[in-house]
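In: build me a model:
(2 chains)
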Amino acid sequence: MKIFSCTSLLLLIVTLFSSVVVADSKQILVQSTTSTANSGFYKYLLPMFETQTGIKVNVVAVGTGQAIRNARNCDADVLLVHAKAAEDAFVADGFGVERFDLMYNDFVIIGPAGDPANVSKQSDIHNALKNISTVNALFASRGDNSGTHKKEQSLWHAININTEAVKPSWYRSTGSGMGATINTAIGLGAYTLTDRATWISFKNKDDFKIQFQGDPKLFNQYGVTLVNPEKCPSVSQHSAQQFIDWLLSKKTQQSIAAFAVDGEQLFYPNAK
Amino acid sequence: MQESAINLAVQLIISANPDLFEIIGLSLRVSLSSVVLSLVFGLSLGAFLATDHFRGRQLINVLINALMSMPPVVVGLFVYLAISRSGPLGWLGLLYTPTAMIIAQTMLITPLVAALSRQVIEDLYNEYREQFLSLQLTRPQRMKALLWDARYSLLTVALAGLGRALSEVGAVIIVGGNIEHLTRVMTTAIALETSKGDLALALALGLILLSLALLINILLSSLNISARRQAYA
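Out: Below is the predicted model:
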């Protein structure tokens, strides 16, 4: 009896305090990389979609690695990240229906104003990174399996520096998001690799500057994928597909191109 | 930085920023709900353990005391695995809702309330034991009397729970997802602004959260004082 009354009291409290959201197909869940959220991109773009269609878009912004993991657990309708190989694997494993190129920008190396490793004078990214390692300048890595971290690992790999196995003393793995890693890099006076969008919209730049940019190898492609309703029956397929079609439409692509922070364009649409 | 943060905090409040008030509202809703639920579970458990002398009781006390230092991230992860679409409770569709945040925080705070209230009630029980025996009170009657007489100390327990709930970020960011207009609370907003490098805004939000905690404590302690006055008048 007592247990029963306790339980009913509990249920009452839960219902009172939490407006339990009744399954509403008119909202979709996007697992996303952080740069698109932190730069204000969604705040700019999503209201256009929501007023047009009445579909509410909920965005969970985490690193690309975690976003893909969450989507693999079916905790997403749409995946919007920037690690093409990992996205292709996501589709190949049956979790995604099809991946589409959405837009791109590029990665840049930021570092202290003094540029101790002289990376700004280098002709390509490989030499820039080599210089950092030879002068033992500090480098802050995401270390969180995110899209940016994967990119960075592939760049070190290309110049035969194995940061995972050797763990050089100048290489600091923060194990956290882009913003936190930039904060750490600035605190340490370390170089770090970041996408341009996060850096432009970052507020705590201190004396840090973009020290290296422009190498085609620093290309950063964003892709969008519908989570497979066959694997994940909870997916709001119709609304999610509508969102993806809208993102890839000519008009939205123009809106993406028009988005700027401090007069700088952050994303370059390239849907086919 | 600190000065501009204070200015910013004042500006945000004076301009009645709707986003800010939404976030404060959700913070309060989630934290207060979790505290109320934790009190229901924690006080019953605390009073039960304080008034019983079964075998292995000490072991349970130690266990609950240890659970007080449970990292919020671990609780968040545990709840996430349970309510994720691929988890055993996935069909409920609770992930990324305020309800999920309340569940996680309740799990986090209940051991705190149970452990602290157990000690408070046990101390009082040792004082009352003879009297209870002579009055021949039943167990529920004893528990009720103890909870009532310890109410002022238990209020501090509740405040400790509320403090943990309001300041916690690790669990709510995992199960809530920090979704704007849906599951963003004060602490996750602070984490977000820090990651955007907007340290002044992050600090301003921190100051507002601190003022909120101060306000709640002032309110409750003044209630407490006036209640005591009436009780002893």
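In: any idea which helix or strand carries A:Thr194?
Out: Secondary structure from DSSP states H and E places A:Thr194 in strand A:191-195.
In: next: A:Thr181.
Out: Per DSSP H and E: A:Thr181 is located in helix A:178-188.
In: at the contact with chain A, which residues of chain B appear?
Out: Proximity of chain B to chain A, by CB under 8 Å from any CB of the partner chain, involves residues B:29, B:32-33, B:36-37, B:40, B:44, B:84-87, B:90, B:93, B:95-99, B:102, B:177-180, B:182, B:192, B:194-200. For glycine as for every other residue, the C-beta is placed from the backbone atoms N, C-alpha and C.
In: now those: which count as buried?
Out: B:29, B:32-33, B:36-37, B:40, B:44, B:84-85, B:87, B:90, B:93, B:95-99, B:102, B:177-180, B:182, B:192, B:194-200 (16 or more other CB atoms under 10 Å in any protein chain shown).
In: now, which of the residues you listed lie within helices?
Out: Using DSSP state H, the subset of those located in helices is B:29, B:32-33, B:36-37, B:40, B:44, B:98-99, B:102, B:192, B:194-195, B:199-200.
In: what about the chain, any weak spots by pLDDT?
Out: In the absence of a named chain, chain A is used. Within chain A, the stretches with pLDDT under 70 are A:1-25.
In: actually chain B
Out: The model of chain B has pLDDT under 70 over residues B:1, B:233.
In: so what's whichever residue of it sits closest to chain A up against?
Out: Closest residue of chain B to chain A, CB to the nearest CB: B:Ser195 (2.9 Å). B:Ser195 sits next to A:34, A:38, A:177-180, A:183 when contact means CB atoms under 8 Å, 6 or more residues apart in numbering or on different chains.
In: of those - the most surrounded one?
Out: Counting neighbours by other CB atoms under 10 Å in any protein chain shown, A:Met178 comes out on top of the contacts of B:Ser195 with 30 neighbours.
In: residues near the closest residue to that residue other than its chain neighbours, how many?
Out: Using CB to CB, 6 or more residues apart in numbering or on different chains and skipping the chain neighbours, the partner closest in space to A:Met178 is A:Thr198 (4.8 Å). For A:Thr198, the neighbour count with other CB under 10 Å is 29.
In: likewise A:Leu138?
Out: A count of nearby residues for A:Leu138, using other CB under 10 Å, gives 20.
In: same check on A:Pro216?
Out: 8.
In: ditto for the one 3 residues further on
Out: For A:Phe219, the neighbour count with other CB under 10 Å is 11.
In: not counting sequence-adjacent ones, nearest residue to it?
Out: Using CB to CB, 6+ apart and skipping residues adjacent in sequence, the residue nearest A:Phe219 is A:Asp106, 5.9 Å away.
In: tell me the contacts of residue 75?
Out: Using chain A. Residues near A:Asp75 by CB under 8 Å, 6+ apart: A:29, A:31, A:60, B:84-86, B:95-96.
In: wrong one, chain B
Out: Under the criterion of CB under 8 Å, 6+ apart, the neighbours of B:Val75 are B:104, B:107-108, B:170-171.
In: A strand includes it, no?
Out: No - counting by DSSP: H, G, I helix; E, B strand; the rest coil, B:Val75 is not part of a strand but helix.
In: where do the helices sit along the chain?
Out: Since you didn't name a chain, this refers to chain A. A:2-17, A:34-38, A:41-53, A:64-72, A:84-92, A:125-134, A:147-158, A:163-166, A:178-188, A:196-201, A:237-248, A:250-258.
In: ah, I was thinking of chain B
Out: Using DSSP H, helices in chain B cover B:2-14, B:18-50, B:57-67, B:72-83, B:98-135, B:139-149, B:151-167, B:170-176, B:186-195, B:199-232.
In: what's in contact with the first one?
Out: This means helix B:2-14. B:20, B:199-201, B:203-208, B:211.
In: if we can go back for a sec, now for the helix holding A:Thr181, which elements pack on it?
Out: Counting by 3 or more CB pairs under 8 Å, 6 or more residues apart in numbering or on different chains; DSSP states H and E, the packing neighbours recorded for helix A:178-188 are helix A:34-38, strand A:96-111, strand A:139-141, strand A:191-195, helix A:196-201, helix B:186-195.
In: show the contacting residues for the nearest residue to A:Val97 once chain neighbours are set aside.
Out: Excluding the flanking residues, the one nearest A:Val97 by CB to CB, 6+ apart is A:Leu226, at 4.4 Å. Neighbouring residues of A:Leu226 by CB under 8 Å, 6+ apart: A:77-78, A:96-98, A:235, A:237, A:240-241, A:244.
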